[in-house]
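Q: Test case, fold it:
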Amino acid sequence: MKRLKSAPSGDRRAIFRAGIALAAGLGLVSATAGTAHAVPVRLDYPLTGTTFLEGTGSSLTLGPGVLEAQTDLKVGTLTANTKLPPAPGSFKMIGAIPVSVTTEFIETEPTTGTIDLKTGAIKSTTKLTLRLKNLKVAGIPTPVGNACQTEVPAVLNLASEPGFNPLRGGKLSGTYTIPRFKHCLLATPLINLVIPGEGNTITLTLGQAAQPPKP
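A: Residues are numbered from 1 along each chain as shown. I've put the predicted structure just below:
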């Protein structure tokens, strides 16, 4: 992962204040009257990850993207926007026919979750529509149209793994079900035969928190 560039002194002070407020809310430092006004805390996390698709027996590399998070330290809740670039991938259908496709992960509503104010552990729920494009079967482009996507969003229930730190980041993981697809032209039956189903796993890695860029 690339080292974060040094922020200007004003930005560093803002990050420091947000960090102190977050740390205070998590019981990592003693809270003072000055931190009581620092909530909600707004921080961005570099985001990468992988997801294993049970139906195709293949993995997709996710990111680099960003998690734009806002935490309310008074009640231990968080909301976030998950932004990931399209993820190209490939697998072999029936163990022999090469298939390649690009998957877009489109967040349909803000991620919601809770943060343990004592330990910093996080649980979150993200709803993503999966959209497919650039499908090739045996190297032959196979049209899927411009709206080939899951009928309903996939629901990802994630939890932080041991070692997660709200300031330094860490890993979130979970399992999810891929819904059936629609609007994929003649490829719809083939796609629904192979991709949808349960038992898909995902691990997201959050990098060190940073102050969001100024408008």
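
Q: Of all the residues in the helix or strand where residue 192 lies, which ones are buried?
A: Assessed by DSSP states H and E, residue 192 sits inside helix 188-194. Within helix 188-194, the residues that qualify as buried are 188, 190-192, 194, counting by 16 or more other C-beta atoms under 10 Å. Using the backbone N, CA and C atoms, a C-beta is placed for each residue, glycine as well.

Q: May I see the residues you listed arranged in JSON lines, with pLDDT and distance to residue 116 as well?
A: Shown next, in JSON lines, are those (pLDDT from 0 to 100; distance: C-beta to C-beta, whole Å):
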{"residue": "188", "pLDDT": "97", "distance to residue 116": "43"}
{"residue": "190", "pLDDT": "93", "distance to residue 116": "44"}
{"residue": "191", "pLDDT": "96", "distance to residue 116": "39"}
{"residue": "192", "pLDDT": "97", "distance to residue 116": "39"}
{"residue": "194", "pLDDT": "94", "distance to residue 116": "39"}
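
Q: closest to residue 54 among those?
A: Nearest to residue 54 among the buried residues of helix 188-194 is residue 194, at 10.6 Å by C-beta to C-beta.

Q: measure that closest one to residue 178 for me?
A: In this structure, residue 194 and residue 178 are 10 Å apart, going by C-beta to C-beta, to the nearest Å.

Q: Which neighbours do these two have in common?
A: Common contacts of residue 194 and residue 178 (C-beta atoms under 8 Å, 6 or more residues apart in numbering): residue 55.

Q: coming back round to it: outside of the helix holding residue 192 itself, list whatever touches it.
A: Helix 188-194 has contacts (C-beta under 8 Å, 6+ apart) with 55-56, 93, 99, 132, 135, 137, 144, 148, 180-182, 184.

Q: The closest residue to residue 109 other than its chain neighbours: neighbouring residues, count only.
A: Using C-beta to C-beta, 6 or more residues apart in numbering and skipping the chain neighbours, the partner closest in space to residue 109 is residue 127 (5.7 Å). Burial measure for residue 127: 18 neighbouring residues, criterion other C-beta atoms under 10 Å.

Q: Beta-bridge partners for residue 127, please?
A: residue 109, residue 155 (DSSP bridges).

Q: Name the next helix or strand downstream of the helix or strand of the chain with the lowest mean pLDDT, please.
A: The helix or strand of the chain with the poorest confidence is helix 9-25; it has a mean of 47 (mean pLDDT, DSSP states H and E). Beyond helix 9-25 on the C-terminal side, the first helix or strand identified by DSSP H and E is strand 41-53.

Q: Work out the gap between that next one and the centre of the chain.
A: 5 Å (C-alpha atoms, centre = their mean, to the nearest Å).

Q: and the residue nearest the centre of the chain, which of the three is it?
A: By C-alpha atoms, centre = their mean, the mean C-alpha position of the chain lies nearest to residue 82, the distance being 5.1 Å. What DSSP: H, G, I helix; E, B strand; the rest coil gives for residue 82 is strand.

Q: contacting residues for it?
A: Here residue 82 is in contact with 47, 65, 67, 105, 107, 111, 126, 128 (criterion: C-beta under 8 Å, 6+ apart).

Q: The same query, at a cut-off of 10 Å, please.
A: By C-beta atoms under 10 Å, 6 or more residues apart in numbering, the residues touching residue 82 are 47, 62, 65-69, 105-107, 110-111, 124, 126-128, 156, 204.
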